[in-house]
Every structure is written in structure tokens, then in C-alpha cells.
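Chemist: Predicted model, plus sequence, below.
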2 protein chains.
Amino acid sequence: MFDTASLKYDANGLIPAIAQDHQSGEVLMMAWMNAEAVRQTLDSGRVTYWSRSRQGFWVKGESSGHVQKLVELRVDCDRDCLLLLVDQTGPACHTNRRSCFYTAIREGQEVVIMAPQNPSA
Amino acid sequence: MFDTASLKYDANGLIPAIAQDHQSGEVLMMAWMNAEAVRQTLDSGRVTYWSRSRQGFWVKGESSGHVQKLVELRVDCDRDCLLLLVDQTGPACHTNRRSCFYTAIREGQEVVIMAPQNPSA
């Protein structure tokens, strides 16, 4: 059986988790989990992070409705990073963009390459 | 102009960097950079991390030959995570697998879903 205690957490008891759209392959965001958040995510199928700013569990989409349904959780070779394949409802980013990685560095300049989605879309 | 000092680094001066195959979209690995590694990566086009275990710069592929050519660097909304679109030569993982995320959790069990590549491939 997979044991969340077998993962390597940092000094704050956290492990980075990368959320990727399971169909398009787009990397949506990176956030943090503690062991209990990993357990809750696996048990509920609803991606649940640990909010470092609020110091509490963050069931993704609980307030925004932009939920992440877990399709598959993967562990890396060092067991210190997670990859979450997700089914993302609406935008993943709090700026209403599909992905948090909407700023590219091109020829030394920052370029915004993604527009916010229509709230009603 | 993009300034590496505008990124948010952790208490150790590091920022997580996710490497993604620019063509297939596969997430290959996650490692860390400091400001100088970000600068070197942008300047050289060769992805350069900061090795926490060795406490030194880690020009990916320097010893293995499994280099990562930077296609595009992206910054997330909080400026505390990087996404690297890369052209990966050979396997990204030190286990000789294409990606470090080769272990899936399926029905509570760990399943290895990727085989090491043939060294001569």
C-alpha cells in the first residue's frame, strides 16, 4: 500500500505538487501539500493543497468553483515532488487564466501569453 | 527587461523549476534554481539548476550527456515557480527513464509505469 509517510517533505512538512491537465498536458499550477493533504486528495479525488499563506487546507475550487478532479497522482524518483494529472474545471489560476504560467521570457522581456477567461465561459 | 531579482526565492534563495518537454508536453522533472542559475540558463540556453545535495551549479547533462536545451522559460502568477519548456536529449531522470514521474498511485498501490531507456537509444 502507498504510505504518505514514505514521501520526503521539506522542513515545513510540505511537498511541491504540480498540476497538469490530464488531456492537454498543459501545466496548470504548482502548489504545496502536507501528508494529510495528499491523503485527503487520494481519498476524496478532489485535489487539496496546503495553503502556506493561510496555513490551512485548500480544497481547490471550494470557493471559486474551479475544482480539480484527480485523475492520477504520480511520485518522482526522489519522492520529494508530486505530479497530479487533473481534470480542471474552469481556469486554474486566480487571475482567471487557464494556467498560472502565463508570463514568458522572450528576448529578455516579459510577455503575457494568455488572456483571462470569460467568467461565464 | 526581465530581472532575475524580481522572482521570489525561498529562505535558501531557491525557486522550483519544472521541466516540460516542449513538444510532447510530458513533465520530465522538477529541480531548483537560484538567481544565478536562472541567469545562466537564459544566457546559455542550457538548463542549469542548483544542486541542493552538492551545493553547486548543475548544468543538466554535463556528465550524463542528457542535456536540456531551453526553448522557453515561463514564470507563474506568484513569481515563485518556473516552467521550463525544454528540448530534452535522452532520459531526464537519473534512473534512465524519460521522466522522473514514473511511479503512479493506482488503487492505493505504487505502480511503475515507465521503463528505463536503452542506454544506446
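Modeler: Nice, thanks for sending it over.

Chemist: residues contacting whichever residue of chain A sits closest to chain B?
Modeler: Residue of chain A nearest chain B, by C-beta to the nearest C-beta: A:Gly25 (2.9 Å). Where you see a C-beta, it was placed from the backbone N, CA and C, and this is true even at glycine. A:Gly25 makes contact with B:Ser24, B:Gly25, B:Glu26 under the criterion C-beta atoms under 8 Å, 6 or more residues apart in numbering or on different chains.

Chemist: Check A:Met1 too.
Modeler: Counting by C-beta under 8 Å, 6+ apart, A:Met1 touches B:Gly108, B:Gln109.

Chemist: State the pLDDT value of it.
Modeler: pLDDT, A:Met1: 91.

Chemist: do A:Ser120 as well
Modeler: pLDDT recorded at A:Ser120 is 56.

Chemist: How about the secondary structure of the residue most central in space within chain A?
Modeler: Nearest residue to the geometric centre of chain A (C-alpha atoms, centre = their mean): A:Ala19, 3.9 Å. Look at A:Ala19: counting by DSSP: H, G, I helix; E, B strand; the rest coil, its state is strand.

Chemist: So the residue of chain A closest to chain B versus B:Tyr49, what's the distance?
Modeler: A:Gly25 sits 22 Å away from B:Tyr49, going by C-beta to C-beta, to the nearest Å.

Chemist: Show me the strands in chain A, by range?
Modeler: Secondary structure of chain A (DSSP state E): strands at A:15-21, A:27-33, A:48-51, A:56-59, A:68-75, A:82-88, A:103-106, A:109-112.

Chemist: Show me which residues of chain A sit near chain B.
Modeler: Residues of chain A lying close to chain B by C-beta under 8 Å from any C-beta of the partner chain are A:1-2, A:16, A:18, A:20, A:24-27, A:29-30, A:42, A:72-78, A:81, A:83, A:93-95, A:97, A:100-106, A:108-110, A:113.

Chemist: Of the residues you listed, which qualify as buried by neighbour count?
Modeler: Neighbour counting by 16 or more other C-beta atoms under 10 Å in any protein chain shown classes A:2, A:16, A:18, A:20, A:26-27, A:29-30, A:72-77, A:81, A:83, A:93, A:97, A:100-105 among the residues of chain A next to chain B as buried.

Chemist: where does the residue lying farthest from the centre of chain A land on pLDDT?
Modeler: Distance from the centre of chain A peaks at A:Glu107, with 28.7 Å (C-alpha atoms, centre = their mean). For A:Glu107, the model assigns a pLDDT of 96.

Chemist: and if you look at A:Val59?
Modeler: 98.

Chemist: hang on, isn't A:Leu28 packed against A:Val47?
Modeler: No - judged on C-beta atoms under 8 Å, A:Leu28 makes no contact with A:Val47 at a distance of 10.2 Å.

Chemist: Need the overlap of contacts for the two.
Modeler: Listed as contacting both A:Leu28 and A:Val47 by C-beta under 8 Å, 6+ apart are A:Ala19, A:Gln68, A:Val86.

Chemist: The first one against A:Cys93, yeah?
Modeler: No - here A:Ala19 lies out of contact with A:Cys93, judged by C-beta under 8 Å, at a distance of 10.7 Å.

Chemist: what do those two both touch?
Modeler: Joint contacts of A:Ala19 and A:Cys93 (C-beta under 8 Å, 6+ apart) are A:Leu28, A:Met29.

Chemist: ok so, going back, B:Val59: which of the strands of chain A is closest?
Modeler: When the strands of chain A are compared by C-beta to C-beta, strand A:103-106 sits nearest B:Val59, at 19.1 Å.
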